[in-house]
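Participant: got a sequence here, can you build the structure:
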Amino acid sequence: MRKVISLGLMALIFSLFSTHASAGNVEECEKLASGEFTKGLYGLCIAYHNAGNENARNRIRDNYDKKAGPGDPPLVVDAECPCWDAGHLADASLNGTPSACLLTSEGDVYDLAFYTSSPAFYQFYADTAGCFRVDPNGTQLGAAFESPDATEREVCIAGIETLIEDDFAGINCNGVPQ
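Facilitator: Model prediction:
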């Protein structure tokens with residue numbers, strides 16, 4: 001009986017230590033462990049990727065942003081835009097003709113990008129209430145999503161901004177030539 005209890009305790013202790021070791025192995029965070037970045041960012045990155053809910057991730061991300069200095073990399077988040085992926089953006093960039101865009105400042109209502117080309121039509125839209133994508137010909141709503149969280153919204157807007165930077169040279173967004 002004594003051996004069974006001893007083995008049980010050893011297994012319990014080992015599982016506690018192995019859980020912490022595996023929680024610390026987040027590939028996106030490893031570059032922060034090099035010592036060349038602000039102390040503490042590595043731990044915040046690990047905590048972010050192991051947080052159990054959105055509120056915890058938001059608090060950790062805020063703390064990361066406060067602590068990070070000008071030479072530190074942004075926190076790598078594992079969110080995706082719920083309305084499109086990189087393939088949809090690449091398809092529009094490859095097959096569409098940029099025609100109109102709007103970029104709003106942080107806190108404003110929406111960002112959008114339109115591509116037209118006979119017969120293809122693409123539209124990407126994101127705001128605080130949701131996002132949507134219209135696929136070729138404008139005949140079908142490709143995806144719509146209500147109430148993306150803040151991180152998802154940032155990813156959606158970053159996708160639109162990348163399209164505008166890459167494709168909209170010479171087109172006015174908000175009256176400003178790109």
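Participant: how does this protein divide into domains?
Facilitator: Following automatic domain parsing, one finds the domains of the chain at 2-67, 86-177.
Participant: pretty sure Phe124 is in a strand, no?
Facilitator: Yes. Looking at Phe124 with DSSP: H, G, I helix; E, B strand; the rest coil, it is inside a strand.
Participant: so how far is the helix or strand hosting Leu94 off the chain centroid?
Facilitator: Leu94 belongs to helix 86-95 when elements are defined using DSSP states H and E. Relative to the chain's own centre, helix 86-95 is displaced by 18 Å; criterion: C-alpha atoms, centre = their mean, to the nearest Å.
Participant: list the contacts of that helix.
Facilitator: Residues from elsewhere that reach helix 86-95 (C-beta atoms under 8 Å, 6 or more residues apart in numbering): 113, 115, 117, 120, 122, 124, 133, 135-136, 142, 159, 162-163, 166-167. (C-beta placed from N, C-alpha, C; glycine too.)
Participant: what's the lowest-pLDDT member of these?
Facilitator: Among those, Ser117 carries the weakest pLDDT, at 60.
Participant: which stretches of the chain form strands?
Facilitator: Using DSSP state E, the strands of the chain run over 97-102, 110-116, 121-127, 130-134, 141-146, 172-173, 176-177.
Participant: and these as JSON lines, adding distance to Lys66 and mean neighbour count?
Facilitator: Putting those into JSON lines (distance: least, C-beta to C-beta, whole Å; neighbours: other C-beta atoms under 10 Å) gives the following:
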{"stretch": "strand 97-102", "distance to Lys66": "31", "mean neighbour count": "18"}
{"stretch": "strand 110-116", "distance to Lys66": "25", "mean neighbour count": "21"}
{"stretch": "strand 121-127", "distance to Lys66": "25", "mean neighbour count": "23"}
{"stretch": "strand 130-134", "distance to Lys66": "28", "mean neighbour count": "22"}
{"stretch": "strand 141-146", "distance to Lys66": "29", "mean neighbour count": "14"}
{"stretch": "strand 172-173", "distance to Lys66": "31", "mean neighbour count": "16"}
{"stretch": "strand 176-177", "distance to Lys66": "31", "mean neighbour count": "9"}
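Participant: in CSV: the ones you listed, plus distance to Val155.
Facilitator: CSV is the format used below for the strands of the chain (distance: least, C-beta to C-beta, whole Å):
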stretch, distance to Val155
strand 97-102, 18
strand 110-116, 12
strand 121-127, 9
strand 130-134, 10
strand 141-146, 12
strand 172-173, 19
strand 176-177, 24
